[in-house]
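1. no FASTA, just this:
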């Protein structure tokens, strides 16, 4: 253990089991059972420049797929220690690498801009972008809702429509918006 880790804000353990039943006026009724398990740890580190904290967590549908408590603690410590004694970079142009959690936030903003509600309210920076290149050709955003054991997997959506694989952005080009039945009607899509 590194002596710069001086305290903890604690750890959390969660387990969740649910059965979702959904019906609508179109005659659909469906059920979906699921579980979710996880735990996290938050650590505090201290150096001459001050204190910092960071955390790590693990989550899975199957508890056997969780990282070990030791692995979560080690990663929380590594992340906390990485925040200590920051250095100012020289002025210049540099490539930017985003940690996965920050990248997920950027992707979330991108998906929000593709949401049908944002499109029909004209509240999107990707308004009317179908068929347009909006990102690097290296980026594709594909929904795969039927992967076994994944947290976001579901056999039907919130409108009671069977899920399937679909690309929203493929090689940087917008292929489709994220539509509910309501937003699809509003946009005539």
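-> Nice, I can see it. Keep in mind that what you see is a predicted model, and the values were worked out from it rather than measured.

2. Residue 134 touches residue 171, doesn't it?
-> No. Counting by Cβ atoms under 8 Å, residue 134 does not reach residue 171; the two are 11.0 Å apart. Where C-beta positions appear, they are placed from N, C-alpha and C, glycine not excepted.

3. Mind listing what's buried along the helix-or-strand element of the chain with minimal mean pLDDT?
-> Within the chain, confidence by mean pLDDT, DSSP states H and E is lowest for helix 100-114 among all helices and strands, at a mean of 91. Neighbour counts over helix 100-114 (16 or more other Cβ atoms under 10 Å) mark 110-111, 113-114 as buried.

4. show me what contacts the residue located most distally from the centre of the chain?
-> No residue in the chain sits farther from the centre than residue 48, which is 34.5 Å out by Cα atoms, centre = their mean. By Cβ atoms under 8 Å, 6 or more residues apart in numbering, the residues touching residue 48 are residue 85.

5. circling back: how about CSV for the buried residues of helix 100-114, with distance to residue 75 added?
-> What follows is the buried residues of helix 100-114, written out as CSV (distance: Cβ to Cβ, whole Å):
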residue, distance to residue 75
110, 27
111, 26
113, 31
114, 32
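
6. Which stretches in this structure count as strands?
-> Ranges of strands in the chain, per DSSP state E, are 5-23, 29-47, 50-60, 141-143, 166-170, 173-174.

7. Show me the residue at the heart of this protein, geometrically.
-> Centroid check for the chain by Cα atoms, centre = their mean gives residue 104 as the closest residue, at 5.0 Å.

8. okay but residue 42 is in contact with residue 10, surely?
-> Yes. Under the contact definition of Cβ under 8 Å, residue 42 touches residue 10, with a separation of 6.4 Å.

9. So for these two, which residue has more residues nearby?
-> More crowded of residue 42 and residue 10, by other Cβ atoms under 10 Å: residue 42, with 18 against 10.

10. So what sits opposite that one in the bridge?
-> Going by DSSP bridges, residue 42 is paired in beta bridges with residue 10, residue 55.

11. On the pLDDT front, check it for me.
-> With respect to pLDDT, residue 42 scores 98.

12. Repeat that for residue 84.
-> The score at residue 84 is 96. That number is its pLDDT.

13. how deep is it tucked in, by neighbour count?
-> Neighbours around residue 84, by other Cβ under 10 Å: 18.

14. what about it, distance to residue 137?
-> With distances taken as Cβ to Cβ, to the nearest Å, residue 84 is found 38 Å from residue 137.

15. cool, and residue 67?
-> From residue 67 across to residue 137, the span is 34 Å (Cβ to Cβ).

16. Tell me which of those two has more neighbours.
-> Neighbour totals were compared for residue 67 and residue 137, and residue 67 leads with 17 against 10 (other Cβ under 10 Å).

17. If you drop the residues flanking it in sequence, what lies closest to the more buried one?
-> Distances taken as Cβ to Cβ, 6 or more residues apart in numbering put residue 58 closest to residue 67, at 4.0 Å, once the chain neighbours are dropped.
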